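Engineer: Below: sequence and its predicted model.
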Amino acid sequence: MANIKSAKKRIDVINRQTLENKAYKSKIATQVKKYKMAVDNKEAEKAQKLLSETFSLIDSAVSKGILQKATANRKKARLSQYTAK
């Protein structure tokens, strides 16, 4: 456990950032599920709209430092290739 005041503050900041990052990743995962459901239900227009929204969320996660660029590109590539099974 940290004894120095600034180290204690950093621990608090890191914990808060971790929660924010988890929430944002959860938001992305929910958006991906919605997109996949739309594709599975053959709702083409809705799926196209959700795909662009999902890409936007992923790109903003990269700019915020939540996801790495390669991870985001991989997620976007897999979503682009997704078709109903």
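Structural biologist: Perfect, I can see it now.

Engineer: Tell me which stretches of this protein form helices.
Structural biologist: Secondary structure of the chain (DSSP state H): helices located at 5-40, 44-64, 69-81.

Engineer: Name the nearest residue to Gln31, ignoring sequence neighbours.
Structural biologist: Thr54 (4.6 Å; C-beta to C-beta, 6 or more residues apart in numbering). (Each C-beta comes from the backbone N, C-alpha and C, glycine too.)

Engineer: can you count the residues close to that neighbour?
Structural biologist: 21 (other C-beta atoms under 10 Å).

Engineer: Over to the one 4 residues further on?
Structural biologist: Residues lying near Ile58 (other C-beta under 10 Å) number 20.

Engineer: OK, contacts around it?
Structural biologist: 28, 67, 72, 75-76 (C-beta atoms under 8 Å, 6 or more residues apart in numbering).
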